[in-house]
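Asks: Need a 3D model of the sequence below.
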Amino acid sequence: MTRIEKYKKEIYRCIQCRSCYFAYSGEPDREGIGEHEGVLYEGIMDGCPAQHTFGWNAYANAGKMWIARGVIEGDLKLDEDGEEIRDLLMPCIVCGNCQIQCENKIPTVDIIEALRADLVDANVPLLDKHEFLGSKAVEMNNPYNEPHEKRTDWLPFDEFRNKNAEIGYYVGCTASYRQFKVSQSTASLMKKANVDFSVITDEVCCGSPLLRTGQIERANILVERNLKQFKQFKTVVFSCAGCYRTFKVDYPKLTGKPLPFEVKHTVEFFDELVSSGQLNPKQPFNKVATWHDPCHLGRHIVVDMEQEMLKKSENWLMDERKIKKAMSEWFAHPRNIIAKIPGIEFKEMYRVNENSYCCGAGGGVKAGYPDFAVDTSVERIKEAEATGADILLTTCSFCYYNLWDAVKKAESEIQVMDLFELLNQLV
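Replies: Now for the predicted structure:
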């Protein structure tokens, strides 16, 4: 039995309406902010990066639902057609826009990832880069092939290795080995707010890159390692959007059990501290800023929120209001923090919140299709420039990395910055 067969009813709900192509499909009259190189941001826009770039329906979610049906019905065979299916599935960034736009509430991200896992189960070869990151994540505890003993070399405060603390900071591989400003700023803000927390030296990769590329059995090894390391905490805080999504959404599905601790992303955690006055940005920041919503922190979380609320709903129509309210409150967290920064002028991009355009880095695409990833990010940079912003803020290590690559490719003057790197400078 294939993994996608458990989603058969959901797959057959797809009526090929093609709403998954677009963003703002419910707001056709909305006006955008300004023009950039002849592109006016208004009305219904392309929302699927793969379909926008490659053009064919097979690259959009609608096409993937047809592929899934073909596998279920036996018209497509994983052992014979696997590599062709792989080459259509893997350019998908799994950003989740298709699921947000789908009026039939089809769990498209789960289906796409299950079909990728079916390919792995059928011994269809992974892309070389995906095989590398999967094997190294298990062997070295990180996909960067870095020594595990150097994972906390970035840590400037040795006292924050206290295993008796009730709050654990899960740093993630990228902030541990590549983007030290993110991890150091996060730890510094916790220290300034007098938070008693601990950084665990034996933290390992969360498994997100493996799960996105269908490597479930390898990911399960990492899940088991991490749950053993963090089980003593009451709360675990994440600065990586992908790690947060993986713990919050994937771990309970993989283990069949609720997490033994509460999970919070730094946007939620620091919003509470700023609102309570424990962190108070005093230094003025007299620049124009805009905000990029990471897919794993935004869409993926509110989609899971929606699915959980719908499971308990007796009236989808009435409870849709509660869902929209919960979504709005979640997306408000980073914006609440930005609003507390003195002197800042904040301008939203046209596609925001659940409709935000993906940066292009997720789903294994940055590793497997780097040119496509950066080209997608260039589209987002143009949209940020259209606001007139000097600074593009975000808080996702992958978004940060890919947006900077796009800035270089587009020769843009906009600066990309992690929100908590900025906040740390102002507190």
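Asks: ok, which stretches of the stretch 101-250 of the chain are strands?
Replies: For the stretch 101-250 of the chain, strands defined by DSSP state E, counting those that start in this stretch occupy the ranges 167-170, 197-199, 235-238.
Asks: Next, the contact list for F132, please.
Replies: Shown in contact with F132 (C-beta atoms under 8 Å, 6 or more residues apart in numbering): 143, 145. Heads up, the C-betas are built off the backbone N, CA and C, glycines and all.
Asks: That one and Y144: what is the separation?
Replies: Going from F132 to Y144 by C-beta to C-beta, to the nearest Å gives 10 Å.
Asks: N220 now?
Replies: 21 Å.
Asks: same deal with T387?
Replies: From T387 to Y144 the distance is 34 Å (C-beta to C-beta).
Asks: do the same with I337
Replies: Distance of I337 to Y144, given as C-beta to C-beta: 29 Å.
Asks: So if I had to pick from these two, which one is more boxed in?
Replies: I337 (25 against 14; other C-beta atoms under 10 Å).
Asks: Which strands or helices does the helix or strand hosting the more buried one pack on?
Replies: Counting by DSSP states H and E, the element that carries I337 is helix 316-339. Taking 3 or more C-beta pairs under 8 Å, 6 or more residues apart in numbering; DSSP states H and E as contact, the helices and strands that helix 316-339 lies on are helix 266-276, strand 288-291, helix 299-311, strand 345-346, helix 419-426.
Asks: How about that helix, which residues are buried there?
Replies: 323, 327, 330-331, 333-335, 337-338 (16 or more other C-beta atoms under 10 Å).
Asks: So for the protein, the centremost residue is which one?
Replies: In the chain, the residue lying closest to the centroid (C-alpha atoms, centre = their mean) is H296, at 1.9 Å.
Asks: wait, what's in contact with that one?
Replies: 208, 241-242, 244-245, 362, 396.
Asks: does it count as helix, strand or coil?
Replies: Look at H296: counting by DSSP: H, G, I helix; E, B strand; the rest coil, its state is coil.
Asks: please renumber so the chain begins at 242
Replies: Yes, from this point I'll number from 242; that puts the last item at H537.
Asks: Do I have it right that F526 meets L667?
Replies: Yes - judged on C-beta atoms under 8 Å, F526 makes contact with L667 at a distance of 6.0 Å.
Asks: Domains in the protein, by residue range?
Replies: With domains defined by automatic domain parsing, the chain comprises 244-362, 378-516, 521-667.
Asks: Mean confidence (pLDDT) on the second one, please.
Replies: Read that as domain 378-516. Average pLDDT, domain 378-516: 94.
Asks: same thing with the last one?
Replies: Here the mean pLDDT over domain 521-667 is 95, rounded to a whole number.
Asks: That one: end-to-end distance?
Replies: Start-to-end span of domain 521-667 (C-alpha to C-alpha, to the nearest Å) is 8 Å.
Asks: ok, back up a step: could you export the helix holding I578 as PDB, CA atoms only?
Replies: Taking Å, rounded to 0.1, in the frame of the first residue of the first chain, the C-alpha atoms of helix 557-580 are listed here in PDB:
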ATOM      1  CA  TRP A 557     -17.300  24.400   9.000                       C
ATOM      2  CA  LEU A 558     -19.000  27.500   7.800                       C
ATOM      3  CA  MET A 559     -19.500  29.000  11.300                       C
ATOM      4  CA  ASP A 560     -16.100  27.900  12.600                       C
ATOM      5  CA  GLU A 561     -14.400  29.500   9.600                       C
ATOM      6  CA  ARG A 562     -14.600  32.800  11.500                       C
ATOM      7  CA  LYS A 563     -12.800  31.300  14.500                       C
ATOM      8  CA  ILE A 564     -10.100  30.000  12.100                       C
ATOM      9  CA  LYS A 565      -9.600  33.300  10.400                       C
ATOM     10  CA  LYS A 566      -9.300  35.000  13.800                       C
ATOM     11  CA  ALA A 567      -6.700  32.500  15.000                       C
ATOM     12  CA  MET A 568      -4.700  32.900  11.800                       C
ATOM     13  CA  SER A 569      -4.800  36.700  12.100                       C
ATOM     14  CA  GLU A 570      -3.500  36.600  15.600                       C
ATOM     15  CA  TRP A 571      -0.700  34.300  14.600                       C
ATOM     16  CA  PHE A 572       0.500  36.500  11.800                       C
ATOM     17  CA  ALA A 573       0.400  39.500  14.100                       C
ATOM     18  CA  HIS A 574       3.300  38.400  16.300                       C
ATOM     19  CA  PRO A 575       6.200  39.700  14.300                       C
ATOM     20  CA  ARG A 576       4.200  42.800  13.300                       C
ATOM     21  CA  ASN A 577       3.500  43.600  17.000                       C
ATOM     22  CA  ILE A 578       7.300  43.500  17.700                       C
ATOM     23  CA  ILE A 579       8.000  45.800  14.700                       C
ATOM     24  CA  ALA A 580       5.400  48.200  15.800                       C
END
